[in-house]
Structure formats: C-alpha cells, structure tokens
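Enquirer: any chance you can model this:
(one chain, ligands or ions: 2)
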Amino acid sequence: MEIEAGVHLYRSYLDESAQIALLRDIEAVIAAAPLYLPTMPRSGKPFSVRMTNCGPLGWVSDKAGYRYQSRHPQTREPWPAIPQALLAAWEALADYPHPPQACLVNVYDSAARMGLHQDRDEAALDAPILSISLGADCRFRLGGAKRGDPSRAFALSSGDALTLGGPGRLRFHGVDKILPEIAPRLVSPLLAQGGRVNLTLRRVG
Ligand SMILES: O=C(O)CCC(=O)C(=O)O
Ligand SMILES: [Fe+2]
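Expert: Ligands and ions are numbered 1, 2, ... in the order given. Here you go, the predicted structure:
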C-alpha cells in the first residue's frame, strides 16, 4: 500500500520460508564479503551498523566520504552477486526497466541505529530504492524532503518490503531503534541477541 506519495509498504512481502532462504543467501554473501564497520566522513567515527554489499557496486563510507565502488574496502575483492530472490523482488516491486546495481547489507545489533538521512549518492534518482527487512522489528522513521520536516514512525518487521520512489525517493529516513523483544523465530548467527538485517537495493547511475 502507498503510505505517502511514492512510498509503498508491502507487509509480509516474504513469507517465513522465503525469509529463511534469503537469510541463508545473505550468510553466503557475508562469508564472501565480510561485514565491516564503516566510518563517518571527516570525523572517522564508526557507524553502529555493520555493513557489506553484493552486486556490481557497493556503497561505502570512510574518512574520504560516501561513494560506490566495485570492491570490498578490506578484502579488495569484487562484491558477490545479488541473490536471485532479491533480483526477483526488484523485478516485482521496483517498476524500473533495469536491474539493481548495488545491494547494501546492513546488520543491526540490538543497540544499533541509523540517523535520519537521504539516499542521494546515486545519479539514477528516477529509480526507486527497495528495502527488505529480516529479523527483529525496528522503529523506522520517515521524514519529508527537508531535514526539519515533520516525520512519522512505524515498525518494519521481518519480511516487509518498502520502496521509496518518485516523489518519495529523496525523503529523509532512519532507524530510531531495534525492537529486540519482537524478534521472530528465524535462526541465524546474524540475528543472535535480537539482531536485524536490512537489504537495500539501488540503481546507481
Ligand atoms: O535499515 C533500514 O531500514 C534503512 C537503511 C537505510 O536507510 C540505508 O541503508 O540507507
Ligand atoms: Fe537510507
């Protein structure tokens, strides 16, 4: 359903067996491209979210800034391929004639959060962003086109898909907190102690 102009929320887009299969795919991605802790531009302060990527390009952040690059910043290897189930979700939900070029894998522990931001490191602003959640619920915050605009918060749960496209593409958003008490029964080392995994598919340019 369209919850704001250009912002669609698909509750339980993946059923439990599809969530489990996707977790196995993401565990394999992480085995090839290990999670690492990115740092903030300039300050070099570490994020609270661990990250890796799959796809031809991956989003990275370090002292030099935010950018997309074709190799893992630590192993220097190319990123692994985007799992088929994620390509299928893009095909079904993105309404865009080209496949995604990058999938950012965000792994939250129960204390991790993500501050309010826009996704604007992509030249292809005509393509939506597709985000899929696994594991613990989170309190997701959706703002407006400007940082100070009013915002609303709602839960994202395991299996939910969210797209930001068209007039919603540049809306501010973030993750206020992880709600570990509502973690579903998915078994994965990534979800130990109430963790959450978020997969964000993007077209870069
Ligand atoms: O974890 C989420 O739901 C949001 C992730 C996000 O906004 C991002 O990676 O840019
Ligand atoms: Fe984002």
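Enquirer: confidence score at the closest residue to ligand 1 within the chain?
Expert: Nearest residue of the chain to ligand 1, counting by Cβ to the nearest ligand atom: residue 198, 3.2 Å away. For glycine as for every other residue, the C-beta is placed from the backbone atoms N, C-alpha and C. Note for residue 198: predicted pLDDT of 98.
Enquirer: tell me who's in contact with it.
Expert: Going by Cβ atoms under 8 Å, 6 or more residues apart in numbering, residue 198 touches 105, 106, 108, 131, 132, 133, 134, 138, 156, 175.
Enquirer: pLDDT, secondary structure and neighbour count for the residues you listed - can I get that in JSON lines?
Expert: Listed next are the contacts of residue 198 as JSON lines, based on pLDDT from 0 to 100; DSSP: H, G, I helix; E, B strand; the rest coil; neighbours: other Cβ atoms under 10 Å:
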{"residue": "105", "pLDDT": "98", "secondary structure": "strand", "neighbour count": "23"}
{"residue": "106", "pLDDT": "98", "secondary structure": "strand", "neighbour count": "21"}
{"residue": "108", "pLDDT": "97", "secondary structure": "strand", "neighbour count": "26"}
{"residue": "131", "pLDDT": "98", "secondary structure": "strand", "neighbour count": "21"}
{"residue": "132", "pLDDT": "98", "secondary structure": "strand", "neighbour count": "26"}
{"residue": "133", "pLDDT": "98", "secondary structure": "strand", "neighbour count": "26"}
{"residue": "134", "pLDDT": "97", "secondary structure": "strand", "neighbour count": "25"}
{"residue": "138", "pLDDT": "97", "secondary structure": "strand", "neighbour count": "27"}
{"residue": "156", "pLDDT": "97", "secondary structure": "strand", "neighbour count": "22"}
{"residue": "175", "pLDDT": "98", "secondary structure": "strand", "neighbour count": "23"}
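Enquirer: hang on, the earlier thing: who does the residue of the chain closest to ligand 1 bridge with?
Expert: Legend: beta-bridge partners of residue 198 under DSSP bridges are residue 106, residue 133.
Enquirer: and it, how far from residue 135?
Expert: Distance, residue 198 to residue 135, using Cβ to Cβ, to the nearest Å: 9 Å.
Enquirer: name the element residue 87 belongs to?
Expert: Using DSSP states H and E, residue 87 sits in helix 84-93.
Enquirer: what packs against that helix?
Expert: Contacts defined by 3 or more Cβ pairs under 8 Å, 6 or more residues apart in numbering; DSSP states H and E place helix 84-93 against helix 16-32, strand 129-135, strand 161-164, strand 196-202.
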